[in-house]
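[1] Starting from these lines, generate the structure:
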Amino acid sequence: AMTQDWCYATCLNYLALTAAVACLILFGIKYKRFIPNFLDLLLIATRNKIPTLGRRRRILISFGVVLIMASSIVYCIENIFSYKYFIVNGTIRNTSRFRNSMFGMQWLFPIDIAIIIWGALITSVALSITSCMNLGICMAYKEFNEEIKLLIQKGEIKNIVRLEDIESQIIDFIKAHRYLYETSGFVSGLAMLTFFAGLLINISAQIGLRTLTKNSSVIDIVLLSLWLAMVWSHSCHHITSFPLGAEI
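    Residues are numbered from 1 along each chain as shown. Got it, this is the predicted structure:
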């Protein structure tokens, strides 16, 4: 049966998996000089024009970070206040094993709290970095398309030198795009993981909110709502991103 414990355990397991993968990705980004290498390719493609994110994009990324951090903090608070309700005859019930400290003794749970919040921070940083890189190349390619449209309107697109420069720039964009999504696998790997994790968290949170609210406390409803909002925020960010690969 799908219980509130099942909803919690599913959401927490996939959040923990995402945090672990995000940690490995951040190590890889640092030691493989992923960001400097990508920026070099992007600046070549844009002819040294630095793309800037719009205010709406920055707000959306910041909102996603706030939701990730807030949901982790609220869960820690909820676990502290609700733990006593999961103890039966001195031991925690089987369906709520995730309520126990990973170190075996409940008095060590403050260490768990630090790890949970640190994991949320790592996930936020990894998602923010990859999102900014993705949006950077998307915005740059949008600006490039606008320049081509302007050349077409002015009738300058027929110039052979201009065509060769456009062809060269498109090739440079493809190189930057392939490095970002194919060469390293950092961005595409995290995107695939967050997609599937977000799908399962979304299903679990919706089940919790729609069918289990009668037996849920206010903090349970707030936490499930935060998880749901976190997934929708991340989904909206990806949906509104420019589909560079399709355009190229």
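[2] For the chain, which segments count as helices?
    Here the chain has its helices, by DSSP state H, at 4-31, 34-45, 55-82, 109-154, 160-178, 186-211, 218-239, 244-247.
[3] Run through the neighbouring helices and strands of the longest one.
    Counting contacts by 3 or more C-beta pairs under 8 Å, 6 or more residues apart in numbering; DSSP states H and E, helix 109-154 packs against helix 4-31, helix 34-45, helix 55-82, helix 160-178, helix 186-211, helix 244-247. All C-beta atoms are positioned from the backbone trio N, CA, C, and that covers glycine.
[4] Find the centremost residue of the chain, please.
    Computing the C-alpha centroid of the chain and ranking residues by C-alpha atoms, centre = their mean puts residue 127 first, at 3.9 Å.
[5] pretty sure that residue contacts residue 19?
    No. Look at residue 127 against residue 19 with C-beta atoms under 8 Å: they stay out of range, at 10.7 Å.
[6] on that earlier part again, can you put the helices of the chain in a markdown table and add mean pLDDT?
    Converted to a markdown table, the helices of the chain look like this (pLDDT from 0 to 100):
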| stretch | mean pLDDT |
| --- | --- |
| helix 4-31 | 88 |
| helix 34-45 | 92 |
| helix 55-82 | 88 |
| helix 109-154 | 89 |
| helix 160-178 | 89 |
| helix 186-211 | 84 |
| helix 218-239 | 79 |
| helix 244-247 | 43 |
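[7] and residue 9, how many residues sit next to it?
    Residues near residue 9, counting by other C-beta atoms under 10 Å, number 17.
[8] Next up, the contacts around the residue lying closest to it once chain neighbours are set aside.
    Nearest residue to residue 9, sequence neighbours excluded (C-beta to C-beta, 6 or more residues apart in numbering): residue 98, at 5.0 Å. Applying C-beta atoms under 8 Å, 6 or more residues apart in numbering, we find residue 98 in contact with 5, 8-9, 12-13.
[9] Residue 197 too?
    Residue 197 neighbours (C-beta under 8 Å, 6+ apart): 14-15, 17-18.
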